[in-house]
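1. Sharing a sequence plus its predicted fold:
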Amino acid sequence: DQQVKQNSPSLSVQEGRISILNCDYTNSMFDYFLWYKKYPAEGPTFLISISSIKDKNEDGRFTVFLNKSAKHLSLHIVPSQPGDSAVYFCAASPTGANSKLTFGKGITLSVRP
Amino acid sequence: DAGITQSPRYKITETGRQVTLMCHQTWSHSYMFWYRQDLGHGLRLIYYSAAADITDKGEVPDGYVVSRSKTENFPLTLESATRSQTSVYFCASSDRAYGYTFGSGTRLTVV
């Protein structure tokens, strides 16, 4: 049973436009959510996080929105750049700390010049 | 250099062989993890450790063994490698405050 779902395997957007990456979760105990970015032949790197006490967190071009009632979060990248092309993993934790994260399958984002 | 390092980066082994993947971190993070990444499955937790001499199973532990005699090292051993264990393996560490930091991965091929 997949507790963190990234149902769209890929997304292609034009440079300068907004990229919206979606993530759904089923475990009501999750209260801390993170996005990781992964380039080929490299390990995932932390991008942005949000705790359940917030509904929005912003860091430069990256904003994460959390809708607890819908058990849904999304990552917005504005404006998208070719260097953003990577695999993005959504992850969730039940403790508020960052141990034992449960990851989704990932979304491959391609930003076209 | 500070960080988390995995070795080897690439490994080819035969079915039935024992193989050990190494992971070393220099931050003295309490938590360490092993994940495997497979197409269609994302990142799945194999084993994790909350401290030296404390380990526990994750989502897909069968066929793997871990140990953590020192805080900085967390080796992953495939006791008898199978083709289904062909994957990219990532080690990560965490101090529970800033999120996981991942190593660069080990690409393992079992032939």
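-> Ah, there it is.
2. all contacts plus neighbour counts: C-alpha atoms, from now on.
-> Noted.
3. Contacts only, for the one residue sitting closest to the centre of chain B.
-> Nearest residue to the geometric centre of chain B (Cα atoms, centre = their mean): residue B:34, 3.3 Å. By Cα atoms under 8 Å, 6 or more residues apart in numbering or on different chains, the contact list for residue B:34 reads B:45, B:46, B:47, B:48, B:76, B:89, B:90, B:91, B:92.
4. need the contact list for whatever residue of chain A ends up closest to chain B.
-> Chain B sits closest to residue A:105 of chain A, with a gap of 3.7 Å, by Cα to the nearest Cα. Shown in contact with residue A:105 (Cα under 8 Å, 6+ apart): A:5, A:6, A:9, A:89, B:40, B:41, B:42, B:43.
5. What's opposite the residue in chain B that chain A sits nearest to in the beta bridge?
-> Chain A sits closest to residue B:42 of chain B, with a gap of 3.7 Å, by Cα to the nearest Cα. For residue B:42, the beta-bridge partners are residue B:38 (DSSP bridges).
6. hang on, it packs against residue A:107?
-> No. Residue B:42 lies out of contact with residue A:107 (Cα atoms under 8 Å); the separation is 9.3 Å.
7. who has more neighbours, these two?
-> More crowded of residue B:42 and residue A:107, by other Cα atoms under 10 Å in any protein chain shown: residue A:107, with 22 against 18.
8. Would you mind confirming that the more buried one makes contact with residue A:88?
-> Yes. Between residue A:107 and residue A:88 there is a contact under Cα under 8 Å: 5.2 Å.
9. Need the residues touching each of residue B:42 and residue A:107.
-> The contact lists of residue B:42 and residue A:107 share residue A:89, where a contact means Cα under 8 Å, 6+ apart.
10. could you redo the contacts of residue B:34 as JSON lines and give each row distance to residue B:3?
-> Putting these into JSON lines (distance: Cα to Cα, whole Å) gives the following:
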{"residue": "B:45", "distance to residue B:3": "21"}
{"residue": "B:46", "distance to residue B:3": "21"}
{"residue": "B:47", "distance to residue B:3": "20"}
{"residue": "B:48", "distance to residue B:3": "18"}
{"residue": "B:76", "distance to residue B:3": "18"}
{"residue": "B:89", "distance to residue B:3": "17"}
{"residue": "B:90", "distance to residue B:3": "14"}
{"residue": "B:91", "distance to residue B:3": "12"}
{"residue": "B:92", "distance to residue B:3": "10"}
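11. Farthest pair within these?
-> Across those, the longest distance by Cα to Cα is 13.2 Å; it joins B:48 and B:89.
12. how about stretch B:83-94: buried residues?
-> The neighbour-count check on stretch B:83-94 (16 or more other Cα atoms under 10 Å in any protein chain shown) flags B:85, B:86, B:87, B:88, B:89, B:90, B:91, B:92, B:93, B:94 as buried.
13. When you compare pLDDT across these, which one is lowest?
-> When those are sorted by pLDDT, the bottom entry is residue B:94 at 89.
14. coming back round to it: report the separation between the residue lying closest to the residue nearest to the centre of chain B once chain neighbours are set aside and residue B:38.
-> Closest residue to residue B:34 apart from its sequence neighbours, by Cα to Cα, 6 or more residues apart in numbering or on different chains: residue B:91 at 4.6 Å. Plainly put, residue B:91 is 15 Å away from residue B:38 if you go by Cα to Cα, to the nearest Å.
15. Residue numbers of chain A in contact with chain B?
-> A:41-46, A:89, A:97-100, A:102-106 (Cα under 8 Å from any Cα of the partner chain).
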